[in-house]
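Enquirer: Predicted model follows, preceded by the sequence.
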Amino acid sequence: MKPSRIRTETNLPRPAEWMKDFFKDKDVFILGSGPSLTDFDFKRLTGKTILAVNHMWQYVAPTMLVFLDSIFRAEEMARGVDFTSLPFPVVTGPSSGLTQGKNCFRFHYAGKPEMSGLRFYGMSNSALFALNVALYCNAAKIYLMGIDCCFQNGASHFYSAYKKHARDGKPEPYELTARHFEQFATFKNVFNLSPISTIKCFPKIDMAEIL
């Protein structure tokens with residue numbers, strides 16, 4: 001099913017059914033907003049299959065958006081964003097405050113990575129949730145971009161210079177999040193494209209080899 005049909009189809013199957021092979025045979029870039037993407041030319045991702053995390057849907061043409069943060073939802077709605085009108089699936093957890101319907105799908109949280117399609121592992125972190133979603137959607141290879149779990153030159157995000165983030169100046173949550181990713185260590189199709197990422201459980205690849 002193409003993303004453009006998801007918001008217009010009247011008799012949608014349960015989300016787990018359309019999601020199961022949504023990324024089948026596709027290499028997926030999970031795009032975070034870490035400082036490793038400072039000065040990155042997002043045009044390099046044109047034509048790629050992209051799972052955007054939070055604000056990253058504004059920088060690329062994503063195939064799917066994943067977020068958990070109700071503050072992010074409120075900020076976007078204040079800007080006039082209607083999530084139900086976006087031409088791609090929006091996948092969230094219960095803390096997002098987003099109502100399920102049309103192209104928006106809400107799942108429960110899991111205590112560990114889960115492939116049932118009923119809930120996903122997130123630990124209040126959208127990138128963790130997104131990884132579980134990509135794996136459930138049967139992605140071929142998964143490349144983590146901008147999921148750094150660290151600061152660079154005092155910045156927590158590549159846009160920190162002009163847009164303050166709640167984690168600025170608070171390294172402890174990042175250290176914990178990096179450890180949570182170890183729950184996915186058994187999945188051998190996940191690769192880390194961030195040279196500064198503190199996530200140690202996935203092989204690191206030079207971005208220039210992929211893009």
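Expert: In hand now; what should we look at?
Enquirer: List the buried residues for stretch 118-131?
Expert: Neighbour-count burial for stretch 118-131, counted by 16 or more other C-beta atoms under 10 Å, picks out 119-123, 125-131. Bear in mind the C-beta positions are built from the backbone N, C-alpha and C, glycine included.
Enquirer: give me every residue that touches the residue nearest the centre of the chain.
Expert: The chain has residue 53 as the residue nearest its centroid, 3.4 Å off, counting by C-alpha atoms, centre = their mean. Applying C-beta atoms under 8 Å, 6 or more residues apart in numbering, we find residue 53 in contact with 30-33, 65-67, 126-127, 130, 147.
Enquirer: Could you list everything it pairs with in the sheet?
Expert: Beta bridges link residue 53 to residue 66, judged by DSSP bridges.
Enquirer: Local confidence estimate at it?
Expert: Predicted confidence (pLDDT) for residue 53: 98.
Enquirer: how close does it get to residue 25?
Expert: Residue 53 sits 22 Å away from residue 25, going by C-beta to C-beta, to the nearest Å.
Enquirer: report the longest helix in this protein, please.
Expert: helix 126-136 (DSSP state H).
Enquirer: okay, that helix in CSV with CA atoms only?
Expert: C-alpha atoms of helix 126-136 as CSV (Å, rounded to 0.1, in the frame of the first residue of the first chain):
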residue,chain,number,x,y,z
SER,A,126,10.9,8.5,19.8
ALA,A,127,14.1,7.1,18.1
LEU,A,128,13.8,3.8,20.0
PHE,A,129,10.2,3.6,19.1
ALA,A,130,11.0,4.3,15.5
LEU,A,131,13.6,1.5,15.4
ASN,A,132,11.1,-1.0,16.7
VAL,A,133,8.6,0.2,14.1
ALA,A,134,11.1,-0.1,11.2
LEU,A,135,12.0,-3.6,12.3
TYR,A,136,8.4,-4.6,12.5
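Enquirer: Just checking the distance from it to the centre of its chain.
Expert: 6 Å (C-alpha atoms, centre = their mean, to the nearest Å).
Enquirer: Does anything pack onto whichever helix or strand comes after that helix? Which helices or strands?
Expert: Later in the chain than helix 126-136, the nearest helix or strand by DSSP states H and E is strand 142-145. On a contact count with 3 or more C-beta pairs under 8 Å, 6 or more residues apart in numbering; DSSP states H and E, strand 142-145 meets strand 28-31, helix 126-136, strand 190-192.
Enquirer: want to try CSV for these, with mean pLDDT and distance to residue 72 as columns?
Expert: CSV is the format used below for the helices and strands packed on strand 142-145 (pLDDT from 0 to 100; distance: least, C-beta to C-beta, whole Å):
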stretch, mean pLDDT, distance to residue 72
strand 28-31, 98, 15
helix 126-136, 97, 8
strand 190-192, 98, 24
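Enquirer: could those be laid out in JSON lines, adding distance to residue 107?
Expert: Formatted as JSON lines, those follow (distance: least, C-beta to C-beta, whole Å):
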{"stretch": "strand 28-31", "distance to residue 107": "17"}
{"stretch": "helix 126-136", "distance to residue 107": "8"}
{"stretch": "strand 190-192", "distance to residue 107": "20"}
